[in-house]
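K.L.:
Need coordinates for the below:
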Amino acid sequence: MDKKITQFITFGFMLSLLIFLMAGCYNDSKEYLYPELPGACDTTNITYAGSVQPIIDSYCKSCHSGSSPSGNLVLETYSQVKAIADDGRLVNVINATNGYPLMPQGSSLPDCSIQIFEKWVASGAPNN
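P.N.:
Numbers count the residues shown, from 1 in each chain. The predicted model follows:
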């Protein structure tokens, strides 16, 4: 009888341990684990080289560069980005407004990146 009780306790302990470990093995989204903190988006000193270009490099250039860019739109230089900023396409695609599709495809930019683009465009899209 002692052996059965010991086996039962061992089995119960192992089962409890397995359940405990499995409860910690789930996949949270990056946004849930690392939310943008209110006020963490600095839009006070936006520059093309320091603020806008890094976003373009991270989210846009993979599709909009090279010899066969998506939509025949190349975003490799300031003048190319300025052209879509001036004609309104940049703000429209990042917000999916006025009939424009959402870019980047399949997801939206972080709110802070959208704020940076909008403020840069509103200030005349300077090359600074």
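K.L.:
OK, contacts around the residue nearest to Ala49 when sequence neighbours are not counted?
P.N.:
Spatial nearest neighbour of Ala49, chain neighbours left out: Asn128 (7.1 Å); criterion: C-beta to C-beta, 6 or more residues apart in numbering. All C-beta atoms are positioned from the backbone trio N, CA, C, and that covers glycine. By C-beta atoms under 8 Å, 6 or more residues apart in numbering, the residues touching Asn128 are 47-49.
K.L.:
for the protein, what are the low-confidence residue spans?
P.N.:
For the chain, the stretches flagged by pLDDT under 70 are 1, 17-18, 20-39.
K.L.:
Could I get the full set of strands for it?
P.N.:
Taking DSSP state E, the chain contains no strands at all.
K.L.:
still on that earlier bit, can you give me the distance of the residue nearest to Ala49 to Val121?
P.N.:
Going from Asn128 to Val121 by C-beta to C-beta, to the nearest Å gives 14 Å.
K.L.:
Also Gly71?
P.N.:
According to C-beta to C-beta, Gly71 stands 19 Å off from Val121.
K.L.:
Check which residues of stretch 116-125 are buried.
P.N.:
In terms of neighbour count (16 or more other C-beta atoms under 10 Å), stretch 116-125 has its buried residues at 116-118, 120-121, 125.
K.L.:
Show me what that stretch is in contact with.
P.N.:
By C-beta under 8 Å, 6+ apart, stretch 116-125 touches 41, 43, 46, 48, 51-52, 55, 81-82, 85-86, 90-91, 94, 109, 126.
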